[in-house]
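**Q** what's the 3D shape of this:
(2 chains)
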Amino acid sequence: MSLLVVNIQRCSFYDGPGIRATVFLKGCSLRCPWCSNPECISPNPQIYFNEEKCLKIKGINCSECIKSRFFHQIKNPKDVIKINTDSTDILNCKSWIKNCPTGAIGIYGEKFEVNKLLRILTKDKHFYDMSGGGVTFSGGEPLLQTKGLAECLKELKKRGIHICIETSLFCPPDSLDTVKELVDLFIIDIKILDPKECRKYLKGDLEVYLKNVERMLQSQKTCIFRFPVVKPFTFNESNIKLLYSFIKKWKIENLEIFSVHNLAAKKYKSLGMKPPYFKEVKKEELELLKKRFLPLKVKVRILTI
Amino acid sequence: MKSFFKKIIKNFLKVIWLYPLFRKYKILLRKEQFKNFYNYNLIKKFLLSLKILYKSRIVIVFKRKALIRKKSILFRKSCKKMKFFISPDDKFVYNIDPFILPMYFDLKERFIIGNLTINYAKILREGLVKIQKEVIKQLEKKEISQPQRSFLYSLLEVYNGIKLLRERYLKELTKPKWRNNQNIKEIYKTLVRVPLYPARSFREVLQAFLFINSLIWLDDHYLVGLGRLDQILYPYLKADLTKGTLTKKEAFSFLKEFLLKLHRGYKYKSNVLLGDTGQVIILGGKNVDGSDASNELTFMIMDALRELKLPDPKIILRVHSKTPDELWNKALKCLLSGLQYPLLSNDEVIIPALIKFGYLKKDAFDYGTSACWEPLIPGKSLDQNNLSTLNFLEPLHETIEKNKQKNFNIKSFDDFLILYKENLMTYIREKVKKLNKIDFEPSPLLSFLMDDCLKNLKDVSEGGAKYNNYGILSVGLGNTVNALFNIERIVFQERKYSFSELSQIIKKNFSNSEILLENLRNKGAKFCMDDERVISLVNELIEVVFQTLKNFNNKFGGKFKFGLSSPAFISLSRNFPASLDGRKYDEPFGVNISPLPFSSTLSYTEIANFASKINYEETFNGAVVDLMTERNLIKKNKEKFIDFLKTFFKKGGMQLHLNVLDSKTLIAAKRNPGLFPDLTVRVWGFCAYFKDLPEEYQNLVIERAQYYESISSKYSKM
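**A** Numbering: from 1, shown residues only, chains lettered A, B, ... in the order given. As a prediction, the model looks like this:
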């Protein structure tokens, strides 16, 4: 079994308790306008082009990518992102993508056999053990690759490694069931809680989400909820009110809130997409938001990068 | 041609007695205008010379005597002539007078001993009078030879010099103008007692320490270490606190004053760059019974330095499996304050390595370091740990040059590696041969203060100390490892280049080969990856150096140690040709154990995993992992970061230092030095004000900071 991985970030201090390795899986069921991992949205490998690194654009006579026979239609390195990437194409591409001396052209999404992934993830086991850390699966939506994921989680479990999953819970209920017992900690997003708006902005079916939340909370798993604060999508009066009643209804204990950022601009550009711009929500506003939840029992933490 | 004239002038100066004087004078001239010196024009230099000449005092010996006797007389005379300054608010007296120009006749080229630490603990406990009595006892023996007698007389001369200086101080302190000053009276009381007699209180021990330390600077030694300060001073503090003669608050203010005094003469104490003083305070550590050695004073010293915000003196913290959590926290607090120390040194790795090398167990547990981080035994080691620097790239280039005609003879990378190793061995042998020609300048003062010279009746320059090993450092290991992997790929696997082509490319400094340059920088296995092949290649090369050095002894019968860190990553890279790791002509080599700035970003755990698998038993003469982090990253994740450090050391890492910086501040500070007067960075074994660094060092720090920022950011920046 294998997993389609975009990036493995070792020594992460942010995605859960202790020192962690975070695996970013490819493919997502939502289309959040503020997405900070645009390279993880499509379920297929994608070719990217990073202008800053390209020698040709710097004026050096490099034609390692254009030389390739497979892509005679390319006249400019920039065009690589236009290549339609169904999986058969990508295999052919790999050989010439390797030729790019600077890594300006590359592929988002690499198939990792579970064993290969495990070899990398277990390298830092001493660090996990000392700090109470482990492995976090993020994405994209990691629960869309449950088959490979479950196998990987089983192996990690065997080795006594703490497992955390960052999920939006917009996923088929049975894929949640396959992995639920193997996971030690779920970090669950709360985004837009109005069904119409959810469909409109996120392209997601809120009903699926709510059902999954119910199943999760009934199963007594440790969960942390995360709320991205974005104006105007999630940070508006009606959504905050919905959030309030949501927390109250499900007696949620842990909530983390954070402002979105614009650090993903380069990644958007590398895929030929226009980066969205959002004004960061100020710390004072987050503090005010935190205060609104005071009447409830929930512990609110403000995350900063 | 230029060097030929230099040689003639040098010899001429020697014949007319002026060489030592000239040497010192040149040093003073450089130190007076530390940073800008080389930019000065002739007139400015001339005026500066006059200024120094005006300030200076010449001491001279005419007598025809053994050099060691001359040196001792010079020391006595320096004590007599040394200028000192006492201010009414002083709690201690401590003066550095660099403007003494010694003049004597000596035709031989000699190496001044420095970069070591004396055994303060013993001297402070026993007092100098005891040593003097031992000298007299030795003199009464009948069987001693003439040179030995002359050595002993020199020691007495030194003692007389120290006594003379003390008397001068006492005389000054009893002057009528100080009649109503309580501080001065207290100093007077302490100086009556110390350093001649054993110290009895915390105040006395601090004064005695300062007094003896200032003598070593007066005698023109450089990089004077301070030793395990918390161990040396704590017994006195504890006694005072239990007796109730001193409160903790008073002790703390004494300590601050003491450290502030040690900072005095910052410019003149500096060696290669401003701040490179060698004043290292060793704290914490493991006791022989496995317990932790840290005490109240360990914490007090860290707090005091943090409050004083001084880059110098600086701290090396010895950590081990039982280092208490409070101490880890304190160390991190110190780092977060921007002082860029303590450097962390792992007793669990170093002590066994020292014992295996041949140091006695008791001594190994008491290890301190040279000016940077190379272990030695305070008071017992002459160990010149930074005598020479290997450049791993030199034999590599030689191998390529030698084989550019007979490419076809080398069939595989393994064959090439064998050739490289052979060249490396020859290169090391030549270095060692040169080292054994070194003669050290006699130092009766150090012999007087070091442990075994008196017992052995030998000056420290002749191997009088207990341990007389030589240390060699190295640069370019990372560059060489990356270059070797590149050679394997482009020459033997892809078969795209021959050695003669590569030799041309190196000579042309990659001009018109940008594609290859990027390829070399970005592709393949790289130094500091926790990849089995990288680790085994690194350990193989270390093994070659270790096995080669094992066959040699120095002229004292001491052995050669070898380490992976060196201050020379810039100085040796000047004018050094481009290398096949993608480093261009004149660009700096890799810094200590750290990824090269243009290789792909590696995580902290990856670097730590790599570094903990290095075979330190064979390369313990300093091996520092050199990391940088953004302040925010640590500040928000203190516990996680301490866990990271603990795991690294538990896994077998040897030493680590950390620059807590961010590149934005550095760039702003480079542009506007005035706005960041106390921005401190760690350069090698020392911390210095960023504004004081030469531009190339500033650039390197900025470049490296940017590299590490791409590691530590949460979101990949591509």
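
**Q** and the stretch 501-650 of chain B, which residues reach chain A?
**A** Within reach of chain A by Cβ under 8 Å from any Cβ of the partner chain, the stretch 501-650 of chain B has these residues: B:514-516, B:518-519, B:522-523, B:530, B:600, B:603-606, B:608-609, B:633, B:636-637, B:639-641, B:643-644, B:646-647, B:650. Glycine gets a C-beta too; all of them are placed from N, C-alpha and C.

**Q** in strands only, show me the residues you listed.
**A** Restricting those to those inside strands, with DSSP state E as the criterion, leaves an empty set.

**Q** what does the stretch 151-300 of chain A put close to chain B?
**A** A:261, A:263-264, A:266-267, A:270.

**Q** could you turn the buried ones of the residues you listed into a PyMOL selection?
**A** Once 16 or more other Cβ atoms under 10 Å in any protein chain shown is used to decide burial, the buried members of these can be selected in PyMOL as follows:
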select buried, chain A and resi 264+266+267+270
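
**Q** closest to chain B out of the residues of the stretch 151-300 of chain A next to chain B?
**A** In terms of Cβ to the nearest Cβ, no member of these lies closer to chain B than residue A:263, at 4.7 Å.

**Q** do you know how far that closest one is from residue A:35?
**A** Residue A:263 sits at a distance of 12 Å from residue A:35 (criterion: Cβ to Cβ, to the nearest Å).

**Q** let me know the secondary structure of the nearest residue to residue B:218 once chain neighbours are set aside.
**A** Closest residue in space to residue B:218, ignoring its immediate chain neighbours: residue B:78 at 5.5 Å, by Cβ to Cβ, 6 or more residues apart in numbering or on different chains. Taken by DSSP: H, G, I helix; E, B strand; the rest coil, the conformation at residue B:78 corresponds to helix.

**Q** do the same with residue B:657
**A** strand.

**Q** nearest spatial neighbour of residue B:461, chain-adjacent residues omitted?
**A** Nearest residue to residue B:461, sequence neighbours excluded (Cβ to Cβ, 6+ apart): residue B:440, at 3.7 Å.

**Q** in the sheet, who's paired with that neighbour?
**A** According to DSSP bridges, residue B:111 are recorded as the beta-bridge partners of residue B:440.

**Q** residues near it, how many?
**A** The criterion is other Cβ atoms under 10 Å in any protein chain shown. On that basis, residue B:440 has 18 neighbouring residues.

**Q** quick one: contacts for it?
**A** Contact analysis of residue B:440 by Cβ atoms under 8 Å, 6 or more residues apart in numbering or on different chains lists B:110-113, B:460-462.

**Q** out of those, who's nearest chain A?
**A** Distance to chain A, by Cβ to the nearest Cβ, is smallest for residue B:113 among those, at 42.3 Å.

**Q** wait, the closest one sits on residue B:438?
**A** No - in this structure residue B:113 lies outside contact range of residue B:438 using Cβ atoms under 8 Å: 10.6 Å.

**Q** pick out whichever of the two has more residues nearby.
**A** More neighbours sit around residue B:113 than around the other of residue B:113 and residue B:438, counting by other Cβ under 10 Å; the figures are 21 against 15.

**Q** that's a helix at the more buried one, yeah?
**A** No - judged by three-state DSSP, residue B:113 forms no part of a helix; its state is coil.

**Q** list the residues that contact it.
**A** Shown here is residue B:113, whose contacts under the criterion Cβ under 8 Å, 6+ apart are B:221, B:382, B:384, B:440-441, B:443, B:446, B:460-461.

**Q** for residue B:589, same thing?
**A** When the contact criterion is Cβ under 8 Å, 6+ apart, the partners of residue B:589 are B:391, B:393, B:475-476, B:478-479, B:569-570, B:572-573, B:576, B:583.

**Q** with residue B:457 instead?
**A** The neighbours of residue B:457, taking Cβ under 8 Å, 6+ apart as the test, are B:138, B:144, B:148, B:151-152, B:464.

**Q** ok, 7 Å please
**A** For residue B:457, the contacting residues are B:138, B:144, B:148, B:151, taking Cβ atoms under 7 Å, 6 or more residues apart in numbering or on different chains as the criterion.

**Q** now do the strands in the stretch 51-200 of chain A.
**A** A:105-108, A:110-113, A:134-138, A:162-167, A:185-189 (DSSP state E, counting those that start in this stretch).

**Q** now the residue in chain A sticking out farthest from the centre: how far from chain B?
**A** Note on chain A: the largest C-alpha distance from the chain mean falls to residue A:61, namely 37.0 Å (Cα atoms, centre = their mean). Using Cβ to the nearest Cβ, to the nearest Å, one gets 8 Å for the distance from residue A:61 to chain B.

**Q** any idea of the pLDDT on that residue?
**A** Note for residue A:61: predicted pLDDT of 86.

**Q** would a markdown table of the contacts of residue B:589 with neighbour count be doable?
**A** Converted to a markdown table, the contacts of residue B:589 look like this (neighbours: other Cβ atoms under 10 Å in any protein chain shown):
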| residue | neighbour count |
| --- | --- |
| B:391 | 22 |
| B:393 | 23 |
| B:475 | 29 |
| B:476 | 26 |
| B:478 | 26 |
| B:479 | 27 |
| B:569 | 23 |
| B:570 | 21 |
| B:572 | 20 |
| B:573 | 22 |
| B:576 | 20 |
| B:583 | 28 |
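
**Q** nearest to chain A, of the residues you listed?
**A** Looking at the contacts of residue B:589 and their distance to chain A, the nearest is residue B:583, at 16.0 Å (Cβ to the nearest Cβ).

**Q** surely the closest one is in contact with residue B:482?
**A** No - using Cβ atoms under 7 Å, residue B:583 is not in contact with residue B:482, being 8.7 Å away.

**Q** who's in contact with residue 101?
**A** All of this refers to chain A. Residues near residue A:101 by Cβ under 7 Å, 6+ apart: A:55, A:62, A:64, B:515, B:518-519, B:522.

**Q** my question was about chain B, not that one.
**A** With contact set as Cβ under 7 Å, 6+ apart, residue B:101 has these partners: B:21, B:24-25, B:56-58.

**Q** list phi and psi for it.
**A** Torsion angles at residue B:101 (phi, psi; degrees, to the nearest 10) stand at phi -100, psi 110.

**Q** also residue B:21?
**A** In this entry, residue B:21 is assigned phi and psi values of phi -60, psi -40 (degrees, to the nearest 10).

**Q** show me the contacts for it.
**A** Contact partners of residue B:21, counting by Cβ under 7 Å, 6+ apart, are B:58, B:101-103.

**Q** just the buried residues of those.
**A** For these, a neighbour count by 16+ other Cβ under 10 Å gives the buried set as B:101-103.

**Q** columns pLDDT on top of the contacts of residue B:440, output as TSV?
**A** Written out in TSV, the entries for the contacts of residue B:440 read as follows (pLDDT from 0 to 100):
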residue	pLDDT
B:110	92
B:111	94
B:112	94
B:113	95
B:460	96
B:461	95
B:462	95
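
**Q** one step back: among the contacts of residue B:113, which one has the most neighbours?
**A** The most neighbours of any of the contacts of residue B:113, using other Cβ under 10 Å, belong to residue B:443, which has 29 neighbours.

**Q** please, where are all the strands along the stretch 101-250 of chain B?
**A** Assigned by DSSP E, counting those that start in this stretch, the stretch 101-250 of chain B shows no strands.

**Q** list the contacts of the residue in the stretch 101-250 of chain B that chain A sits nearest to.
**A** When scored by Cβ to the nearest Cβ, the stretch 101-250 of chain B has residue B:230 as its residue closest to chain A, at 26.4 Å. By Cβ under 7 Å, 6+ apart, residue B:230 lies in contact with B:283, B:294-295, B:297-298, B:301.

**Q** the residue lying closest to residue B:217 once chain neighbours are set aside: neighbour count?
**A** The spatially closest residue to residue B:217, leaving aside those adjacent along the chain, is residue B:96, at 5.3 Å (Cβ to Cβ, 6+ apart). Residue neighbour count, defined by other Cβ under 10 Å, stands at 20 for residue B:96.

**Q** great, nothing more from me.
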